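K.L.:
give me the fold of what follows.
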Amino acid sequence: MGDRALVIFKELVAVGANKKALPPVYSALSASRRVATVKKDSYSPVIYLHSHGYAVPELLSDTRQVMVGREGDVEYTAARFVGVCHKIITGNLSLGIWNLPSDFKQTKKYLEEMSHGDAGVIIVDIYTWEFKQYGGYKLEQLAPLTNITNDKEKNNVWT
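P.N.:
Numbers count the residues shown, from 1 in each chain. The predicted structure follows:
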């Protein structure tokens with residue numbers, strides 16, 4: 001069968017200039033992507049791992065490092081995650097990507113039904129890198145992001 005996981009990246013879309021609506025890390029990172037009206041959250045396509053569900057936290061950590069300087073971009077985050085996965089998943093099997101179903105809902109019931117079991121469906125917040133799992137065994141979270149260094153010499157490094 002494998003050790004399957006479905007990974008979906010999520011961007012909480014800012015509510016106009018109302019920074020109080022978002023946690024501080026969102027306000028700091030999303031200024032360039034802030035919108036004037038309320039919009040729905042944005043999601044990446046589904047990324048399917050057939051045999052590497054156990055490795056999702058490590059793959060996310062590697063992706064987070066690649067995304068330094070481009071935080072808050074759901075499309076590029078998903079693309080870079082796939083690139084990181086290609087480094088350990090060779091050949092043309094065990095890694096897939098597809099669009100979210102048109103009726104997609106981020107509800108526990110929906111996501112547990114969507115799950116293949118194993119590591120389940122993993123929704124990753126692209127600003128905090130925290131994730132929620134549905135319909136699978138529990139994975140360890142990444143170390144939290146505690147500070148953003150916007151020093152050009154440090155190249156926008158997370159500390």
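K.L.:
following element in sequence after the lowest-mean-pLDDT helix or strand in the chain, please.
P.N.:
Within the chain, no helix or strand scores below helix 24-29, which has a mean of 52 by mean pLDDT, DSSP states H and E. The helix or strand immediately downstream of helix 24-29 is strand 42-43, counting by DSSP states H and E.
K.L.:
hmm, residue 128 and residue 141 touching each other?
P.N.:
No: Residue 141 is beyond contact range of residue 128, at 9.9 Å (criterion: Cβ atoms under 8 Å). For the C-beta atoms, the positions are set from N, CA and C on the backbone; glycine is no exception.
K.L.:
what pairs with residue 132 across the strands?
P.N.:
Beta-bridge partners for residue 132, by DSSP bridges, are residue 123.
K.L.:
show me where the protein has its strands.
P.N.:
5-11, 42-43, 46-49, 95-98, 120-125, 131-134 (DSSP state E).
K.L.:
so which of those is nearest residue 78?
P.N.:
Closest approach to residue 78 among the strands of the chain (Cβ to Cβ): strand 5-11, 5.1 Å.
K.L.:
could you dump the strands of the chain into JSON lines with distance to residue 110 and mean neighbour count added?
P.N.:
Output for the strands of the chain, formatted as JSON lines (distance: least, Cβ to Cβ, whole Å; neighbours: other Cβ atoms under 10 Å):
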{"stretch": "strand 5-11", "distance to residue 110": "12", "mean neighbour count": "24"}
{"stretch": "strand 42-43", "distance to residue 110": "13", "mean neighbour count": "16"}
{"stretch": "strand 46-49", "distance to residue 110": "13", "mean neighbour count": "21"}
{"stretch": "strand 95-98", "distance to residue 110": "16", "mean neighbour count": "14"}
{"stretch": "strand 120-125", "distance to residue 110": "9", "mean neighbour count": "22"}
{"stretch": "strand 131-134", "distance to residue 110": "8", "mean neighbour count": "18"}
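K.L.:
how about TSV for these, with mean pLDDT and distance to residue 114 added?
P.N.:
Output for these, formatted as TSV (pLDDT from 0 to 100; distance: least, Cβ to Cβ, whole Å):
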stretch	mean pLDDT	distance to residue 114
strand 5-11	96	7
strand 42-43	94	12
strand 46-49	98	8
strand 95-98	97	12
strand 120-125	97	5
strand 131-134	96	8
